[in-house]
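In: show me how the following folds:
(2 chains)
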There are 2 protein chains.
Amino acid sequence: MKKLRPRKEKIPPLDERVLRSKKAVLATTYKLLSEAGLGGVSVDEVSKRSGVAKTTIYRHWPSRSALLLDACAKMASKPEPPETGGLQGDLEFLAAYIASRLPTALWASVLPSIIDAAERDPQLAAVQARIHSEMRNVFRLVIERAQQRGEISRSIDSAELIAAILGPLFYRRWFSREPLNERFVKNVVARAIASLRPS
Amino acid sequence: MKKLRPRKEKIPPLDERVLRSKKAVLATTYKLLSEAGLGGVSVDEVSKRSGVAKTTIYRHWPSRSALLLDACAKMASKPEPPETGGLQGDLEFLAAYIASRLPTALWASVLPSIIDAAERDPQLAAVQARIHSEMRNVFRLVIERAQQRGEISRSIDSAELIAAILGPLFYRRWFSREPLNERFVKNVVARAIASLRPS
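Out: Residues are numbered from 1 along each chain as shown, chains lettered A, B, ... in the order given. Got it, this is the predicted structure:
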């Protein structure tokens, strides 16, 4: 005869409790980021506000940077790769997507504090690099597809093309603080790809 | 007979003492900015390190923002307007000047903390706007000259052209953290002005 084992269903399984507290910690971190930027996030404050013990937080995230990385990854804006059939259409779609989110998205108001911290902290520089590469990968994908279709040369430097598009958008959002209207976004893409066409 | 008046030369005149303490305060502010970014600058700390009383500091600068504005203005990079005889040469000169300073200049490592603070503080947003307009004005000048020479149309939007040049430079310095080499800088200018030429 088999031994009776305690039924796991009676109390929430460990996994579920772990998930629940991880979720609370991330939500609190996210909220603190939105209120005061990176400077407002300490493990102490996250623990106090979420009700999750510091030891538990450190069990899941070995450092404040690791916690920030997770919270920021949640925050990053990742559009689905469009398939308009042409490079200009795809890039216009992506640029318009980002331009529409830049003025109000939480990540857009928090990013300067991550960039500032990254100037002095290599761990936060790694957080920033990951956020950025996620945004950049979708641009890289549509450029590679255009190269595979033979629409543009395979020798085109996709990093330069991406700089020519994201650069002016970011510039207006964080440096000159000018409006990111539809005409500007279309002109940015047109200017970026003008040099790719055979003349 | 004339009364004898105390000779002013014996003790430093008031103006000179004022200048000396203002200079000490600005130098200390500048040093604190370079060490820890904007977050490291408080009037308390500036007073402690410079030896100038807080009341004296507040007599010259009504607020921390006013002090930061003065220290940052000192810091901003203002190239002399070039006269290469053509728009492309002028813009290449300015872009190369800024690209050469971005990797190491103090203002370049402090600017993200000003931008971050500007997200939440209108006074610091004004500081940022002033730093930025000083950098932008020299670009505007060479574009206007090209318009006066008839090299490009007077209908060209100089703000868009400046975004197409400063955008990719700033993007590489603070977002993608890729190298700002000579080839990249030349390509940025070429791409920005390609669309201005009659096709």
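
In: quick one: average pLDDT of the longest helix along chain A?
Out: Secondary structure of chain A per DSSP state H: the longest helix is helix A:122-148. For helix A:122-148, mean pLDDT rounds to 90.

In: so what secondary structure elements neighbour the following helix or strand past that helix?
Out: Where DSSP states H and E defines the elements, the next helix or strand beyond helix A:122-148 is helix A:158-170. If contacts are counted by 3 or more CB pairs under 8 Å, 6 or more residues apart in numbering or on different chains; DSSP states H and E, helix A:158-170 sits against helix A:87-101, helix A:122-148, helix A:182-194, helix B:158-170, helix B:182-194. C-beta coordinates here come from the backbone N, C-alpha and C atoms, glycine included.

In: relative to residue B:45, which of those is closest?
Out: helix A:122-148 (23.2 Å; CB to CB).

In: low-confidence ranges in chain A?
Out: Scanning chain A for pLDDT under 70 picks out A:1-12, A:75-77, A:197-199.

In: domain ranges for it?
Out: As given by automatic domain parsing, the domain ranges for chain A are A:16-72, A:87-194.

In: just name the most buried of those.
Out: Of the domains of chain A, the one with the most neighbours on average (mean count of other CB atoms under 10 Å in any protein chain shown) is domain A:87-194, at a mean of 18.

In: can you check the distance spanned by that one, start to finish?
Out: 12 Å (CA to CA, to the nearest Å).

In: pull the contacting residues for the nearest residue to residue A:129 once chain neighbours are set aside.
Out: Nearest residue to residue A:129 in three dimensions, chain neighbours excluded: residue B:177, at 7.1 Å (CB to CB, 6 or more residues apart in numbering or on different chains). Shown in contact with residue B:177 (CB atoms under 8 Å, 6 or more residues apart in numbering or on different chains): A:125, A:128, A:129.

In: got the contact list for residue A:117?
Out: For residue A:117, the contact set (CB under 8 Å, 6+ apart) comprises A:38, A:124.

In: may I ask which helix or strand encompasses it?
Out: Counting by DSSP H and E, the element that carries residue A:117 is helix A:106-118.

In: what are the C-alpha coordinates of that helix, in PDB please?
Out: Taking C-alpha atoms only, helix A:106-118 is exported to PDB below (Å, rounded to 0.1, in the frame of the first residue of the first chain):
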ATOM      1  CA  LEU A 106       7.200  55.900 -18.200                       C
ATOM      2  CA  TRP A 107      10.400  54.500 -19.600                       C
ATOM      3  CA  ALA A 108      11.000  57.800 -21.500                       C
ATOM      4  CA  SER A 109      10.900  59.800 -18.300                       C
ATOM      5  CA  VAL A 110      13.100  57.300 -16.400                       C
ATOM      6  CA  LEU A 111      15.700  56.700 -19.000                       C
ATOM      7  CA  PRO A 112      17.700  59.900 -18.300                       C
ATOM      8  CA  SER A 113      18.200  58.800 -14.700                       C
ATOM      9  CA  ILE A 114      19.500  55.400 -16.000                       C
ATOM     10  CA  ILE A 115      21.800  57.100 -18.500                       C
ATOM     11  CA  ASP A 116      23.100  59.400 -15.800                       C
ATOM     12  CA  ALA A 117      23.800  56.600 -13.400                       C
ATOM     13  CA  ALA A 118      25.400  54.600 -16.200                       C
END
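
In: can you tell me what sits against the helix or strand harbouring residue A:74?
Out: In this structure, residue A:74 is located in helix A:64-75 according to DSSP H and E. With CB under 8 Å, 6+ apart as the test, helix A:64-75 has contacts from A:25-26, A:29-30, A:33, A:38, A:41-43, A:46, A:57, A:61, A:106-107, A:110, A:114, A:121, A:123-124, A:126-127, A:130-131, A:134.

In: could you list which of the residues you listed also contact chain B?
Out: By CB under 8 Å from any CB of the partner chain, the members of these lying near chain B are residue A:38.

In: show me what contacts the nearest residue to residue A:45 once chain neighbours are set aside?
Out: Using CB to CB, 6+ apart and skipping the chain neighbours, the partner closest in space to residue A:45 is residue A:32 (6.2 Å). By CB under 8 Å, 6+ apart, residue A:32 lies in contact with A:40, A:41, A:45, A:46, A:49.

In: tell me which element residue A:32 falls in.
Out: With secondary structure defined by DSSP H and E, residue A:32 is part of helix A:14-36.

In: for the helix or strand following that helix, packing partners?
Out: Using DSSP H and E, the helix or strand that directly follows helix A:14-36 along the chain is helix A:43-50. On a contact count with 3+ CB pairs under 8 Å, 6+ apart, helix A:43-50 meets helix A:14-36, helix A:54-60, helix A:64-75.

In: what does helix A:43-50 rub up against?
Out: Applying CB under 8 Å, 6+ apart, the external contacts of helix A:43-50 come out as A:21, A:24-25, A:27-29, A:31-32, A:52-54, A:57-58, A:64, A:67.

In: one more: stretch A:135-147?
Out: Against stretch A:135-147 from outside (CB under 8 Å, 6+ apart): A:76-82, A:86-87, A:90-91, A:94, A:98, A:152-154, A:156, A:158, A:161-162, A:165-166, B:176.

In: okay, it in CSV with CA atoms only?
Out: Presented in CSV, the C-alpha positions along stretch A:135-147 are these (Å, rounded to 0.1, in the frame of the first residue of the first chain):
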residue,chain,number,x,y,z
MET,A,135,14.6,48.7,-28.9
ARG,A,136,17.2,48.5,-31.6
ASN,A,137,16.8,44.9,-32.5
VAL,A,138,13.5,45.4,-34.2
PHE,A,139,15.0,48.1,-36.4
ARG,A,140,17.9,45.8,-37.3
LEU,A,141,15.4,43.1,-38.3
VAL,A,142,13.5,45.2,-40.8
ILE,A,143,16.8,46.5,-42.3
GLU,A,144,18.1,42.9,-42.7
ARG,A,145,14.9,41.9,-44.3
ALA,A,146,15.2,44.8,-46.8
GLN,A,147,18.7,43.6,-47.5
